[in-house]
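K.L.:
sequence first, predicted model second:
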Amino acid sequence: MKRLPYFLFILLVFSLQAYAEPELPADHSIRTWMAEHNVPALSIGIIDQGKIQEIKVFGEYAKGRPTNTDTLFSIASQTKPLVAMMVLKLVEAGQWDLDQPLYPYWVDPDVAGHPFHKILTSRHILSHSSGFRNWRRNAPNKTLTFDFKPGTQFQYSGEGMEYLRRALESKFALPLDKLMKKTLLEPLQMTRTQYWEPGLSNYARWYDSHGKEYQANYNNGVGAAGGIWTTVEDYLKFGLYTMALKESSALQYQAVSKPQTEIKKDSYFSIGWGLITNLSDGEYAIHHGGTDLGVRTSAIFLPESEQGIVVMSNGDGGAFVQDKIIASTLSKGKEVLQKINSKTEQLAPTQIPKKIIEQYSGTYVQPDGRAFIISALENAIQVSGKETPRSVLIAASPNSFYLADYDVKFTFIKSATQNDYQLNIYENGNKVSTAERQLPETLINNKKWTAVNRNWQMKGQSYYANRQSGDGILWLNDAKFTHGTIELDIKGNDIIGKSFVGIAFNGIGDNDYDAIYLRPFNFNRVGKEDNSIQYISLPKYTWPYLRKNHPGKYENKIVPAPSPNDWVHLKIQIAETLLEVFINHSEEPSLTFEPLRELSGGKVGFWVGNRSDGYFKNLVLTPDR
């Protein structure tokens, strides 16, 4: 037999080692990890040699319903690469320009007076250098601002993606879901990828870190920052398309494979993707994850070796499971994760007296209303709560704690607004959020009010409800109201699917009442303006029931449209057979209808919908005489 030259033999062996075939861990290992972290359902897909090699599923997507390869998972922020690729396809078709300022198509009212809005481009947004925070609700005044000049540094931003969505919808006169279907999903034959729509089945429900199902509204809206539901197979198709760009599209390939914004050493954002460089054997990786209520998903693709993995789960603890799977499956999985999670600050365990750590214990509330609990351990703290996987952070100093294997740090400092501790949260060396300890005396808990499914607080002259799953109400005790006028001021925000704010009346029980509420995120949203204000009458007449059986009768647009992040004045005139709703002192009602049941007199209360927070003030009840 003819022997290969020695140097060629070495090259072949090297190639086989570099591109070792991906292999999933044993099924029993995966099931053990799922049980440890209370993850009910998991779907995993592998690419090798430029082809889909294997898709495996585990657990139940809902109680008693086994997960299958066709099960839809919510992927939260993994929507962003899809939107980015759609934009790149529009650029290649000559219909969009990455470097053209967006202001001819959309200007958010919050930044209209700032000069930076004249230089903000799609490239800045898709590479997360827009200057915007992740969400405006995390800002002290809950308004959109530029923290720095666009293009000068990294700051991950969902707000930027929604800004881009509004510009795209204005330019093309199409809602994002239709534009994406036409431009990306249909050409790639991603037939199981979509935004939520009524009647969906075979979709993964959401579970907290204790394995308890969230009682949530699964309609998370049409957004550029999140909202897509898909399968592992469809996202693998997207990964294959992206990895093949080197051969098919120089423009798109350069956009996704070249660093645009530096996060830290060897870690960048390209257009739409996280980018890891300087891997062994000349490899690089593109990656993105998704995190939301009961959602943890991840995708990593290695273009040079034509390998990749997609993991989707439906539990808050899913991140720990998917990282174990990725590290065990991909030949470069551990290396990629190490670079993604490499420490920007070298921290080491430190012995701290427990009595010092105990002073930080309590419930902490972030500006967007999300709350979690800090508990003291020996030389560590435990973090737990809704949307938060149970995690242990190790003490590095008397007031700093870090998460092993991840670039996450918690630091406690004295609050500037109250005589207590404030928590600063850092990821990749950047402060991403703050939280203040909730003081018992700030909670509304007296004979005048009854709180339902929310921690209501006084903030200045306003009543504030934190954001969490399910509807929340603050009933005004000893106030029975039948006919007359209800007036109040309400403030929500421009976060799609996470701002439902209004007033409940005719209240018989906590699940038996009528309500008028606003969807501020639809005030200026192309194709959704008619869903800005809504009437419901529970328990029977929910919004899906009314929209299906009485379209356009119990919801409407608001003209002129208010700013979605501003206070809105609501006036409801209630007669025996007619309700009229007036917005911002308009002489014309935005909604007029006959009530769906007898208004025999009942409780009145501030109301927030599922996954919403909100502010309320100036409630005035004027009964008919």
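P.N.:
Alright, I've got the coordinates.
K.L.:
neighbours around Pro560, how many?
P.N.:
When neighbours are defined as other CB atoms under 10 Å, Pro560 has 9 of them. To be clear about C-beta, it is placed using only N, CA and C from the backbone, and glycine gets the same treatment.
K.L.:
try Val232
P.N.:
For Val232, the neighbour count with other CB under 10 Å is 28.
K.L.:
so which helix or strand of the protein has the lowest pLDDT on average?
P.N.:
Ranked by mean pLDDT, DSSP states H and E, the helix or strand of the chain with the weakest confidence is helix 6-18, at a mean of 39.
K.L.:
any idea which helix or strand carries the closest residue to Tyr426 other than its chain neighbours?
P.N.:
In this structure, Tyr426 finds its nearest non-sequential neighbour in Lys409, 4.4 Å apart by CB to CB, 6 or more residues apart in numbering. Assigned by DSSP states H and E, Lys409 falls within strand 408-414.
K.L.:
buried sites along that strand?
P.N.:
Within strand 408-414, the residues that count as buried by 16 or more other CB atoms under 10 Å are 408-412.
K.L.:
what's the most distant pair in these?
P.N.:
Val408 and Phe412 (14.5 Å; CB to CB).
K.L.:
would you mind pulling the contact partners of the helix or strand following the least confident helix or strand of the chain?
P.N.:
On the C-terminal side of helix 6-18, the nearest following helix or strand under DSSP H and E is helix 27-36. Residues outside helix 27-36 that contact it (CB atoms under 8 Å, 6 or more residues apart in numbering) are 24, 39-40, 42, 44, 56, 58-59, 317, 320-321, 324-325, 328.
K.L.:
from those, which land in strands?
P.N.:
When the contacts of helix 27-36 are checked against strands using DSSP state E, the ones located there are 42, 44, 56, 58-59.
K.L.:
now neighbour count and pLDDT too, for the residues you listed, in TSV please.
P.N.:
Output for those, formatted as TSV (neighbours: other CB atoms under 10 Å; pLDDT from 0 to 100):
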residue	neighbour count	pLDDT
Leu42	28	98
Ile44	23	98
Lys56	15	98
Phe58	19	98
Gly59	21	98
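K.L.:
so Ser384 sits against Phe372, correct?
P.N.:
Yes: counting by CB atoms under 8 Å, a contact exists between Ser384 and Phe372, whose distance comes to 6.5 Å.
K.L.:
would you mind listing the buried residues in stretch 363-372?
P.N.:
Applying a neighbour-count criterion of 16+ other CB under 10 Å, the buried positions in stretch 363-372 are 364-372.
K.L.:
then stretch 544-552?
P.N.:
546-547.
K.L.:
and if you look at stretch 535-544?
P.N.:
Along stretch 535-544, the positions that meet the burial threshold by neighbour count (16+ other CB under 10 Å) are 535-538, 541, 543.
K.L.:
show the average pLDDT along it.
P.N.:
For stretch 535-544, the per-residue pLDDT values average out at 95.
K.L.:
in the stretch 101-250 of the chain, where is pLDDT below threshold?
P.N.:
Under the criterion pLDDT under 70, no range of the stretch 101-250 of the chain is flagged.
K.L.:
tell me where it has strands.
P.N.:
Along the stretch 101-250 of the chain, counting by DSSP state E, counting those that start in this stretch, strands occupy 194-195, 228-230.
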